[in-house]
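Peer 1: With the sequence up front, the predicted model follows.
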Amino acid sequence: NQENKVETKTEQQKQTTKNFTLKKIKKVNEFARKALVNILCNTKGNSLSPISGTGVFINPKGIILTNAHIGQYFLLKDFKEKDNVSCVVRVGSPAQPTYNVELMYISPNWVKDNRSVLKSYNPTGTGENDFAFLRVTGTINGDKLPENFPYVVPNIREYIEKKEPVLLVSYPAGFLGGQSILQNLNIASSITEIQDYFTFKGPTIDLLSVGGTIVSQKGSSGGAVVDKFVSLLGIISTSSNGDTTSQRELRAITLAHINRALQIEIGITLEKFLDQDPEKFAKTFASTTAPLLTKIISDELTNGKPY
């Protein structure tokens, strides 16, 4: 199925890890930006802080890949009061409200291991299982949805070289105030190299270190790490602290890690996951797994007391 294709190239990658040409950079950048989205979640009261993050379309059906630490906000829609949390997807530069979305899947293992993240002002994490999927349900202005969404093909290859050039694309918001995020949030992209890679378990590449760039700001979580073949190698998950963006090290979980995690959690590969009927899958997840995950986070936030 071409539209749900997941890249696994290795030999071609081994033979072609030359630097990007300027022409190639421009092509990859233009393509990746079209598939990028900003996820903006606002809250009614002060029980939760608003969040701005990044996501990327990974198939033409309107499935968005982002981080679990962003996706968890969809679990808390009615935390303490009905419709306490409202999230929209924005596209373009500056970002404009465009799509309504719902949670299709979030890693249950991430939720169980990181239930207290929302209690921390500056949370830390390894990035393990930090992924979630959203699906577009409609347009904000009532227009008809596009037949096909622009997307970047996921690449689950394990062969990744240090110093391999990649493009980082996201909606960084670390130096903007609330009003600027609402009205003037722009896409940023930066060419960099893979500096190192790490594993969570066994001889696999699960996490990429991609150094510090202009993208190294809050809001870049869920941003795309795109290779010269215009495929998605990873999504930005964590950042170290630093006074300037160049001093902050960005780390991204690989699509290979997400592929393995899905097989462990629900017994299917990423390719099979993208083959599912998004609406049906999201509905099943919402009625079975999601309420349990909502309770895990809610109990942590309220210390187990009713709210």
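Peer 2: Cool, got the structure.

Peer 1: Please count neighbours and contacts with C-alpha atoms only from this point.
Peer 2: Noted.

Peer 1: how about the strands in the stretch 51-200 of the chain?
Peer 2: 51-59, 63-66, 85-91, 96-106, 132-139, 153-154, 165-170, 188-193, 196-198 (DSSP state E, counting those that start in this stretch).

Peer 1: so the residue nearest the centre of the chain bridges to which residues?
Peer 2: For the chain, residue 66 is the residue whose C-alpha lies nearest the centre (C-alpha atoms, centre = their mean; 1.9 Å). Beta bridges link residue 66 to residue 132, judged by DSSP bridges.

Peer 1: What's the separation between it and residue 23?
Peer 2: Distance, residue 66 to residue 23, by C-alpha to C-alpha, to the nearest Å: 28 Å.

Peer 1: follow-up on the earlier one: residue contacts, the residue nearest to the centre of the chain?
Peer 2: 54-56, 131-134, 221-223, 235 (C-alpha atoms under 8 Å, 6 or more residues apart in numbering).

Peer 1: let's see 6 Å
Peer 2: 55, 131-132, 222 (C-alpha atoms under 6 Å, 6 or more residues apart in numbering).

Peer 1: now, among the residues you listed, which is nearest to residue 49?
Peer 2: residue 222 (18.0 Å; C-alpha to C-alpha).

Peer 1: Count the residues that sit near the closest one.
Peer 2: Residue 222: 34 surrounding residues under other C-alpha atoms under 10 Å.

Peer 1: just checking, it touches residue 238?
Peer 2: No: counting by C-alpha atoms under 6 Å, residue 222 stays clear of residue 238, with 9.4 Å between them.

Peer 1: Give me the contact list for the one helix or strand residue 258 maps to.
Peer 2: Assigned by DSSP states H and E, residue 258 belongs to helix 255-266. By C-alpha under 6 Å, 6+ apart, the surrounding residues in contact with helix 255-266 are 156, 206, 233-234, 269-270.

Peer 1: Span of stretch 210-224 from start to end?
Peer 2: 12 Å.
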